[in-house]
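A.B. asks: here is my input, please return the structure:
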Amino acid sequence: MSVSRLVAAASRQYSTHTSHNSDRVAGAIGYAMTGYLAGAFVLPFVPPYLASRRTQQDGSFQTRPPITYTYRPVF
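C.D. replies: So this is what the prediction gives:
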């Protein structure tokens, strides 16, 4: 058999083959999406949380100047 016939037969067989692990693939995609969303929404808040805990433990949190708000209209 020629190489082109082997490739054509293999591609034909591959294109008609159905996966029997569709539930497994869907579960893996679900885990990946959960991990992505948890990282996107939780991880940005972790460093400020750890920094505030650290400053509260060493006492520098109380000596920090208060945050003042100044109104500056943007035109």
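A.B. asks: how close does the residue positioned nearest the centre of the chain sit to residue 43?
C.D. replies: For the chain, the residue nearest the mean C-alpha position is residue 36 (2.1 Å; C-alpha atoms, centre = their mean). From residue 36 across to residue 43, the span is 11 Å (C-beta to C-beta, to the nearest Å). To be clear about C-beta, it is placed using only N, CA and C from the backbone, and glycine gets the same treatment.
A.B. asks: now do the strand or helix carrying residue 50: distance to the chain's middle.
C.D. replies: Using DSSP states H and E, residue 50 falls within helix 46-58. Offset of helix 46-58 from its chain centre (C-alpha atoms, centre = their mean, to the nearest Å): 24 Å.
A.B. asks: on that earlier part again, quick check, pLDDT for the residue nearest to the centre of the chain.
C.D. replies: Note on residue 36: pLDDT of 92.
A.B. asks: now swap in residue 7 and tell me
C.D. replies: 78.
A.B. asks: got it, and residue 51?
C.D. replies: Reading off the model, residue 51 has pLDDT 84.
A.B. asks: cool, and residue 41?
C.D. replies: Looking at residue 41, its pLDDT stands at 91.
A.B. asks: what is the neighbour count of residue 55?
C.D. replies: 14 (other C-beta atoms under 10 Å).
A.B. asks: ok, now the one 5 residues further on?
C.D. replies: Burial measure for residue 60: 10 neighbouring residues, criterion other C-beta under 10 Å.
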